[in-house]
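Colleague: Need a 3D model of the sequence below.
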Amino acid sequence: MYPIDLHALRRDCALEIEGYHLINYSNLSKKDSLKILAIRNDFSIRRRMVNSDLISEENHFHFVSTLSKKNIGYWALKKKGEILGSISLIQYNEKDASFVGGNFIAPEMIGSGFGAVVNYFMHYIAFEIIKCSKIKAIVKKDNINAIRLNKLFGAVLLNENFSQDIIKNEYLSLEFSAETWFNISKEKTRKIIEYVL
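Modeller: Sure thing, here's the model as predicted:
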């Protein structure tokens, strides 16, 4: 494993599959920033989030203005100018070179299999561009599709929640490793996303 690249958290990233790009929230136009906020605030998306409250435009733009000062990354997934989803890597832990990862897709993409594509890109940026060793995730126990998808990506269920801020009975804590990504998950999931695309 190469040294971790925390500077990549603030950059845009061209992805290995042609036409897809991750645009850092700090580099989005106002129109695109409002689009990502609208997607995140859509009830079908936010109801699955740890914080399911609506986010105001003011709070969103304030949050975006602070991103360059933190070791976190938020990107909009775009293709041909259209925003299809979002990826985040937050809560960097220097001890084990891990992040808490998250993602969501545009509401119209729900049920299309595109969640696998966004998940693939989250792992790709974390393990191949930033070069962290682990991604941790929190998933609602009733989100069966997300749990199945995460298992496909090599998720291991943690015995205890790693976040004190969540209600233990509602969520599962999962962990993905770079080793599993490079040895098993990348090749297996790549075939699936090629089918979806």
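
Colleague: mean confidence for stretch 4-17?
Modeller: Averaging pLDDT along stretch 4-17 yields 90.

Colleague: For the residue nearest to L6 when sequence neighbours are not counted, list the residues it contacts.
Modeller: Among residues not flanking L6 along the chain, N71 sits closest, at 5.5 Å (CB to CB, 6 or more residues apart in numbering). No exception for glycine: its C-beta is placed from N, CA and C like everyone else's. N71 makes contacts with 6, 9, 92, as judged by CB atoms under 8 Å, 6 or more residues apart in numbering.

Colleague: N71 should be in a helix, yeah?
Modeller: No - with DSSP: H, G, I helix; E, B strand; the rest coil as the criterion, N71 is located in coil rather than a helix.

Colleague: Switch the contacts of N71 over to TSV; also include distance to N119.
Modeller: Below are these laid out as TSV (distance: CB to CB, whole Å):
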residue	distance to N119
L6	22
L9	19
Y92	20
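
Colleague: Any regions of the protein where pLDDT drops low?
Modeller: Scanning the chain with the threshold set as pLDDT under 70 gives 1-2, 159-168.

Colleague: Which stretches in it count as strands?
Modeller: If DSSP state E is used as the criterion, the strands of the chain fall at 13-14, 20-24, 73-79, 82-93, 98-105, 134-140, 156-157, 171-177.

Colleague: still on that earlier bit, kindly provide the distance from the residue nearest to L6 to I4.
Modeller: 10 Å (CB to CB, to the nearest Å).

Colleague: circling back: neighbour-wise, which one of the contacts of N71 leads?
Modeller: L9 (23 neighbours; other CB atoms under 10 Å).

Colleague: my read: it touches I72, true?
Modeller: Yes - counting by CB atoms under 8 Å, L9 does reach I72; the two are 6.3 Å apart.

Colleague: who touches both of those two?
Modeller: Common neighbours of L9 and I72 (CB under 8 Å, 6+ apart) are L89.

Colleague: Which parts of this protein are helices?
Modeller: 30-41, 43-46, 57-66, 114-124, 144-152, 178-180, 186-196 (DSSP state H).

Colleague: what's I184 in contact with, if anything?
Modeller: Contacts of I184 (CB under 8 Å, 6+ apart): G154.

Colleague: nope, F99 is what I meant
Modeller: Neighbours of F99 in contact, by CB under 8 Å, 6+ apart: 89-93, 126, 130, 132, 134-136.

Colleague: Pretty sure N150 sits against K140.
Modeller: No - applying CB under 8 Å as the test, N150 and K140 come out as separate, 11.7 Å apart.

Colleague: K141 touches L172, doesn't it?
Modeller: Yes - between K141 and L172 there is a contact under CB under 8 Å: 5.7 Å.

Colleague: Comparing the two, which residue is more hemmed in?
Modeller: L172 (19 against 10).

Colleague: Identify the residues contacting I135.
Modeller: 89, 98-101, 122-123, 126-127, 175-176.
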